[in-house]
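[1] kindly return the folded structure for what I paste below:
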Amino acid sequence: MFTLNYQPILNSSQHMDAKAKMDFLQLTPVSPERKLEMYLACLAEFDELDYDDPYVAEIRLEAEKLIKAQQGD
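    You can find the predicted model right below:
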C-alpha cells in the first residue's frame with residue numbers, strides 16, 4: 001500500500017523535488033480512480049497550505065480530466 005508522504009514546498013527551487021515525488025504516478029500502474037484519489041489528496045494539502053505553482057495547476061488540470069472521464073462513464 002502506498003502512503004502519500006509529501007513535504008510542503010517552500011520555494012520555487014524545491015519545485016523539482018515535488019515533481020520528482022509525483023512522478024511515481026507515471027511509473028507505477030494505478031487505476032484512474034486511485035490516481036484521482038491521490039491527486040485530490042495532494043490538492044487538499046496544497047489548498048490547506050495556501051500554496052500554488054505551475055505544477056499544482058498541472059495536477060489540478062489532470063484531476064479535472066479524470067473527473068470528467070468518470071462522469072462520462
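[2] so where's the chain uncertain?
    The chain contains residues with pLDDT under 70 at 1-28, 73.
[3] helices of that one, residue ranges please.
    15-22, 24-27, 32-48, 54-71 (DSSP state H).
[4] can I get these in CSV including mean neighbour count?
    Heads up, the C-betas are built off the backbone N, CA and C, glycines and all. Formatted as CSV, these follow (neighbours: other CB atoms under 10 Å):
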stretch, mean neighbour count
helix 15-22, 14
helix 24-27, 11
helix 32-48, 15
helix 54-71, 13
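[5] show me what contacts residue 32?
    66, 69, 70 (CB atoms under 8 Å, 6 or more residues apart in numbering).
[6] what about 6 Å?
    Counting by CB atoms under 6 Å, 6 or more residues apart in numbering, residue 32 touches residue 66.
[7] how far away is it from residue 70?
    The spacing between residue 32 and residue 70, counted by CB to CB, to the nearest Å, is 7 Å.
[8] do residue 41 as well
    On the measure of CB to CB, residue 41 and residue 70 end up 16 Å apart.
[9] swap in residue 30?
    Distance from residue 30 to residue 70, by CB to CB: 14 Å.
[10] and residue 37, by the same measure?
    11 Å.
[11] equivalent analysis for residue 42, please.
    18 Å.
[12] can you check residue 53 too?
    26 Å.
[13] now do residue 39
    Taking CB to CB, one finds residue 39 at 12 Å from residue 70.
[14] how about residue 64?
    11 Å.
[15] same check on residue 63?
    11 Å.
[16] quick check: residue 67 vs residue 50, distance?
    Residue 67 is 23 Å from residue 50, by CB to CB.
[17] next, count neighbours for residue 31.
    8 (other CB atoms under 10 Å).
[18] backbone phi and psi for it, please?
    With angles defined as degrees, to the nearest 10, residue 31 sits at phi -70, psi 160.
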